[in-house]
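J.: Provided below for reference: sequence and predicted model.
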Amino acid sequence: MTSPNLLFDLNDGVAVITINRPDKLNALNDQVMAELGQAADRVTTDPEIKGVIITGAGPKAFVAGADIGDLAKQGPFDGKARAMRGQGVLRRFESCGKPVIAAVNGFALGGGCELAMACHIRIASENAKFGQPEVKLGISPGYGGTQRLPRLVGKGVAMQLILTAEMIDAAEAYRIGLVNKVVPADQLMAESEKMLRGILSMGPLAVRLSIEAIDHGLEMTLDEGLLLEANHFGLLAATQDTKEGLSAFLEKRQAKFTGK
Ligand code: COA
């Protein structure tokens with residue numbers, strides 16, 4: 001699947017989705033969001049896709065935000081509808097059941113930071129910059145920023161970033177826990193793929209249920225979350241993933257002690 005605004009490359013189970021509007025710093029206009037929604041559906045339903053990397057075209061930006069031209073024209077009702085559509089698209093990636101890594105190759109501002117936060121893991125190039133500058137434009141974050149940023153970095157730091165609209169560099173984003181890893185720009189895609197392929201070498205059902213438990217558990221009481229975890233733990237015992245994973249470990253130990 002290729003479209004003017006989105007590149008979709010599938011190679012041996014890994015889908016690389018590149019937002020491709022470099023002349024506009026990959027800003028998310030309505031068309032890009034519609035294409036991202038289709039991509040999320042494909043990721044969810046295509047069994048050939050095991051994991052995903054989302055990145056931006058060009059050396060400068062991951063995504064420099066929602067398209068400000070679109071936002072300038074909106075009224076209260078279409079503004080709300082746009083936010084809900086965008087939130088839905090990002091949530092579809094977050095809940096697609098497969099690991100999704102954001103390879104942040106430059107500016108990740110507003111909707112760009114929000115898209116990265118909806119991914120399960122964020123790897124940033126050393127030149128990446130993050131921020132939620134919406135209040136500077138007299139708007140507030142609309143694609144989940146007020147909800148996911150405090151979940152990732154805590155309420156106090158999220159308040160500061162959103163209320164001051166300040167832009168932070170990759171090192172600071174790593175320090176506050178917004179990104180998982182910072183790498184030189186020329187190694188970003190290779191490092192992202194390396195981490196993703198490492199995850200894909202684990203038990204796929206175990207990975208899927210772990211994502212689900214973390215994602216849903218954060219919205220539950222501790223007791224509800226623990227029950228969800230126990231249910232997943234029990235459920236996995238009935239799968240080939242668990243049988244293979246545990247017996248491989250036990251056989252290796254037996255071989256060590258018996259010298260076989
Ligand atoms: N929406 C629409 N267009 C955008 C955009 C956005 N969010 N961000 C950048 N662009 C466009 C610019 O208008 C410009 O287009 P033009 O060449 O047709 O004029 C092009 O991308 C390059 O951007 P430019 O501002 O010239 O690059 P820069 O290096 O001087 O500055 C930024 C980079 C990211 C600091 C600056 O583009 C910026 O502040 N963008 C808006 C960020 C933002 O507020 N995002 C949240 C939106 S809710």
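T.: The structure has been received and is ready for your questions.
J.: CA only for contacts and neighbour counts going forward, please
T.: Noted.
J.: show me the shaky parts of this protein.
T.: Along the chain, segments meeting pLDDT under 70 span 1-2, 256-260.
J.: and it, which residues reach the ligand?
T.: Residues of the chain found near the ligand (CA under 6 Å from any ligand atom) are 23-25, 27, 64-69, 109-110, 133-134.
J.: what subset of the residues you listed is buried?
T.: Among these, the ones that count as buried by 16 or more other CA atoms under 10 Å are 25, 27, 64, 65, 66, 67, 109, 110, 133, 134.
J.: can you give me the helices in the stretch 1-150 of the chain?
T.: Under the criterion DSSP state H, counting those that start in this stretch, the stretch 1-150 of the chain carries helices at the ranges 30-45, 68-73, 76-94, 111-118, 145-153.
J.: highest average neighbour count across those?
T.: Of all those, helix 111-118 carries the top mean neighbour count, a mean of 27, counting by mean count of other CA atoms under 10 Å.
J.: return it as PDB; C-alpha atoms alone will do.
T.: Listed next in PDB are the C-alpha coordinates belonging to helix 111-118 (Å, rounded to 0.1, in the frame of the first residue of the first chain):
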ATOM      1  CA  GLY A 111       0.200  15.600  17.200                       C
ATOM      2  CA  GLY A 112       3.700  14.200  16.400                       C
ATOM      3  CA  CYS A 113       4.500  13.900  20.000                       C
ATOM      4  CA  GLU A 114       1.000  12.400  20.600                       C
ATOM      5  CA  LEU A 115       1.500   9.900  17.800                       C
ATOM      6  CA  ALA A 116       4.900   8.800  19.300                       C
ATOM      7  CA  MET A 117       3.300   8.500  22.700                       C
ATOM      8  CA  ALA A 118       0.600   6.200  21.300                       C
END
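J.: against the ligand, how distant is the closest residue to residue 191 other than its chain neighbours?
T.: Counting by CA to CA, 6 or more residues apart in numbering, the nearest residue to residue 191 once its immediate chain neighbours are dropped is residue 183, at 7.6 Å. Going from residue 183 to the ligand by CA to the nearest ligand atom, to the nearest Å gives 21 Å.
J.: quick one, phi/psi of residue 185?
T.: Per-residue torsions, residue 185: phi -50, psi -40 (degrees, to the nearest 10).
J.: quick check: residue 62 touching residue 110?
T.: No - in this structure residue 62 lies outside contact range of residue 110 using CA atoms under 8 Å: 11.1 Å.
J.: where does the stretch 101-250 of the chain get nearest to the ligand, residue-wise?
T.: Going by CA to the nearest ligand atom, the ligand is nearest to residue 110 of the stretch 101-250 of the chain, at 4.1 Å.
J.: what's near enough to touch that residue?
T.: 64, 65, 66, 131, 132, 133, 134, 141, 145 (CA atoms under 8 Å, 6 or more residues apart in numbering).
J.: dump these to CSV, plus distance to residue 15.
T.: Below are the contacts of residue 110 laid out as CSV (distance: CA to CA, whole Å):
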residue, distance to residue 15
64, 22
65, 23
66, 23
131, 26
132, 27
133, 30
134, 30
141, 28
145, 25
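J.: so what's the most centrally placed residue in the chain up against?
T.: The centroid of the chain falls nearest to residue 119 when counting by CA atoms, centre = their mean (0.8 Å). Shown in contact with residue 119 (CA under 8 Å, 6+ apart): 93, 94, 100, 101, 102.
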